[in-house]
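Peer 1: sequence plus the predicted model coming up.
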Amino acid sequence: MIRPVCRQRTPAALLVPAALGLVFLVLPLVGLLVRAPWTSLPRRLAEPGVLTALRLSLETATAATLLCVALGVPLAWLLARVEFPGRRLVRALVTVPLVLPPVVGGVALLLVFGRRGLLGSWLDDTFGVTLPFTTAGVVLAEAFVAMPFLVIAVEGALRAADPRYEEAAATLGAGRWTTFTRVTLPLVAPGVAAGAVLCWARALGEFGATITFAGNYPGRTQTMPLAVYLALETDLEAAIVLSLILLTVSVAILAGLRDRWVGVT
Amino acid sequence: MTVRWLRAALAGALVAALGLTGCGGGADESPTGRDGGGPLTVFAAASLTESFTRLGKDFEAAHPGHTVTFNFAGSSALANQITQGAPADVFAAASPATMKTVTDAGDADGAPAVLVRNQLVVAVPRGNPARVAGLADLTRPGVKVALCAEQVPCGAAARTALDAAGVRLTPATLEQDVKGALAKVRLGEVDAALVYRTDVRAAVADLDAVEFPESARAVNDYPIVVLRAAGNPAGARAFVDFVRSDAGLAVLTAAGFQAPPGG
């Protein structure tokens, strides 16, 4: 735990840009709040499509996060703990979804998991499974875009963790799997939690890959960001209301989790 | 001490930020004489992209000194940008409903004129593997269909046409614009999509168009208007006259649009 240096004057050279940064991040939110149609808010909240989209968003983001944790934590461990040729290249590849415009990611997913895709055509022929335009497709698109956040966070935590604990476990006769589950994982649990939260937040806001890969259909693939985008076509106020709902719910959940899991005060 | 610092800094930051947002709005007055040319900004529906790009070049050739810049996007998004103060001289929308949001906001200079009309077709992959012959075939099991969302003009037209045909259809997806629906057919993810005839005409290498009679019930008018915020009103009028001329309409009809009634 690093304690902030208290009782010293905060240097203006840091404080001014920090305040500017904060204002820059918060001001657009103020814009939303100022333009929000407060009087018609209750009526708009009660519209049936809103809750459907919100529920779908929360469910798919959570499912995508679970998928990312299941696959991403082992991947981060591999990158942090195992020496293998081409590791730097693999690490760079993991971050590809970060730099790829999400719409391109969606097209790429279609080319692989689509009906005519490399794997998708086989899935369709063998199991009769098609992923595009399904809720599972939404989860896949969100996981693709969000997983790098988790992998990077967990890998960072693993690299910061003292490897001597693992070495001690090994000398006491623990195998690599036991060491991983009994020593490594508890050691980096806060990092995993932070990564999962980041991953969940990114999945919740996902738009481009989702609409490209999973399409848009209410109740099946229309998440909140998609609903916001379409509302923007006709009704700016409805779009603002939907954005505020998504913001409120996600900030409330993130704040709640942060206190409970990550243990940051 | 720290609190006072913080307050001062925050106030300073706020002033700076407000100052930044305060300037930069409002269109600059362009240095335009009565017909001395100058820059011209045209906001046009995405479906006009190919024909307007061509017409813009023709216009610049016919009117030396004018330079035309286009902003092509979904009509509703463009209408939003205009009512939020985007500096534009001309607006061409893909539906009267989207044009109405601009005229209602008082942003149009005069009444819009109907430039062209567009009609829906069923876009299918080349060769029509699912053998779609009309709207009724779209409800067959196993036939996946992409429609535009009803919030955008092509989706509203699709709804009207489907209702006119009495066809009840559960699409695989409701796309955010006509290009999105088109992309899903081109990638082979759906078997058919309801799009404009002009969109298929622009993609004949990959797609076939299946005409259907009910599309006559959902013809889309494309209104065009000079905007009140126009920095170059003379140029804007000249451009509107140019695209509505016989030469202009020839380019548009070659792209699959229909001439307006009585025009």
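Peer 2: Sure, I can see it.
Peer 1: does A:Val94 touch A:Leu78 like I think?
Peer 2: No. Contact criterion C-beta atoms under 8 Å: A:Val94 and A:Leu78 do not qualify, at 10.1 Å. (Glycine included, C-beta is placed from N, CA and C.)
Peer 1: what about the stretch 151-265 of chain A, any weak spots by pLDDT?
Peer 2: For the stretch 151-265 of chain A, the stretches with pLDDT under 70 are A:258-265.
Peer 1: can you tell me what sits against the strand ranked longest in chain B?
Peer 2: The residue-count maximum for a strand in chain B (DSSP state E) belongs to strand B:108-118. Strand B:108-118 is contacted by residues B:47, B:91-94, B:96, B:99, B:102-103, B:196-198, B:219-228, B:230, B:233, B:240, B:243-244, B:249, B:252-253, B:256-261, B:263 when judged by C-beta atoms under 8 Å, 6 or more residues apart in numbering or on different chains.
Peer 1: do that again at 6 Å, thanks
Peer 2: B:99, B:102, B:196, B:198, B:219-226, B:228, B:252, B:257-258, B:260 (C-beta atoms under 6 Å, 6 or more residues apart in numbering or on different chains).
Peer 1: so which of those are in helices?
Peer 2: Taking DSSP state H, the ones among these that sit in helices are B:Met99, B:Val102, B:Thr198, B:Leu252.
Peer 1: take the contacts of strand B:108-118 and keep only those in strands.
Peer 2: Using DSSP E, these in strands are B:Tyr196, B:Asn220, B:Asp221, B:Tyr222, B:Pro223, B:Ile224, B:Val225, B:Val226.
Peer 1: what's the closest non-adjacent residue to the first one?
Peer 2: Put plainly, it is B:Tyr196. B:Asn118 (4.7 Å; C-beta to C-beta, 6 or more residues apart in numbering or on different chains).
Peer 1: tell me the secondary structure at A:Val197.
Peer 2: Secondary structure for A:Val197, judged by DSSP: H, G, I helix; E, B strand; the rest coil, is helix.
Peer 1: re earlier: report the buried members of the contacts of strand B:108-118.
Peer 2: Buried subset of the contacts of strand B:108-118 (neighbour count, 16 or more other C-beta atoms under 10 Å in any protein chain shown): B:99, B:102, B:196, B:198, B:220-226, B:252, B:257-258, B:260.
Peer 1: one step back: run the chain-centre distance for the helix or strand just after the longest strand of chain B.
Peer 2: Next helix or strand after strand B:108-118 toward the C-terminus (DSSP states H and E): strand B:120-125. Taking C-alpha atoms, centre = their mean, to the nearest Å, one finds strand B:120-125 lying 19 Å from the centre of the chain it belongs to.
Peer 1: which residues sit in contact with the residue in the stretch 101-250 of chain B that chain A sits nearest to?
Peer 2: Using C-beta to the nearest C-beta, B:Thr173 is the residue of the stretch 101-250 of chain B that sits closest to chain A, at 2.7 Å. Residues in contact with B:Thr173 (C-beta under 6 Å, 6+ apart) are A:Phe133, A:Gly215, A:Asn216, A:Tyr217, B:Ala146.
Peer 1: where's the last one, which helix or strand?
Peer 2: When you say that, I think you mean B:Ala146. strand B:145-148.
Peer 1: and the next helix or strand after that strand, what other elements does it pack with?
Peer 2: Sequence-wise, the next helix or strand downstream of strand B:145-148 (DSSP H and E) is helix B:153-165. With contacts taken as 3 or more C-beta pairs under 6 Å, 6 or more residues apart in numbering or on different chains; DSSP states H and E, helix B:153-165 sits against strand B:145-148.
Peer 1: quick check, the residue in the stretch 151-265 of chain A closest to chain B?
Peer 2: A:Gly215 (2.7 Å).
Peer 1: which residues touch that residue?
Peer 2: A:Phe133, A:Thr221, B:Thr173.
Peer 1: try 8 Å
Peer 2: A:Pro132, A:Phe133, A:Gly137, A:Thr221, B:Ala146, B:Ala172, B:Thr173, B:Leu174, B:Glu175, B:Lys184.
Peer 1: which positions in the stretch 101-250 of chain A make contact with chain B?
Peer 2: A:107, A:110-111, A:114-116, A:132-133, A:211-212, A:214-218, A:221-222, A:226, A:229-234, A:236 (C-beta under 8 Å from any C-beta of the partner chain).
Peer 1: can you tell me which of those residues end up in strands?
Peer 2: Members of these lying in strands (criterion: DSSP E): none.
Peer 1: longest single helix anywhere in chain A?
Peer 2: Per DSSP H, chain A has its longest helix at helix A:48-81.
Peer 1: downstream neighbour of that one in the secondary structure list?
Peer 2: helix A:87-94.
Peer 1: contacting residues around that following helix?
Peer 2: A:Leu75, A:Leu79, A:Met147, A:Pro148, A:Val151, A:Ile152, A:Glu155.
Peer 1: redo those as CSV? Include secondary structure and neighbour count.
Peer 2: Shown next, in CSV, are the contacts of helix A:87-94 (DSSP: H, G, I helix; E, B strand; the rest coil; neighbours: other C-beta atoms under 10 Å in any protein chain shown):
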residue, secondary structure, neighbour count
A:Leu75, helix, 19
A:Leu79, helix, 20
A:Met147, helix, 25
A:Pro148, helix, 24
A:Val151, helix, 26
A:Ile152, helix, 20
A:Glu155, helix, 24
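Peer 1: which one of these is nearest B:Asp137?
Peer 2: Comparing the contacts of helix A:87-94 against B:Asp137 with C-beta to C-beta places A:Met147 closest, at 40.4 Å.
Peer 1: low-confidence ranges in the stretch 1-150 of chain A?
Peer 2: Short version for the stretch 1-150 of chain A, where the test is pLDDT under 70: A:1-7.
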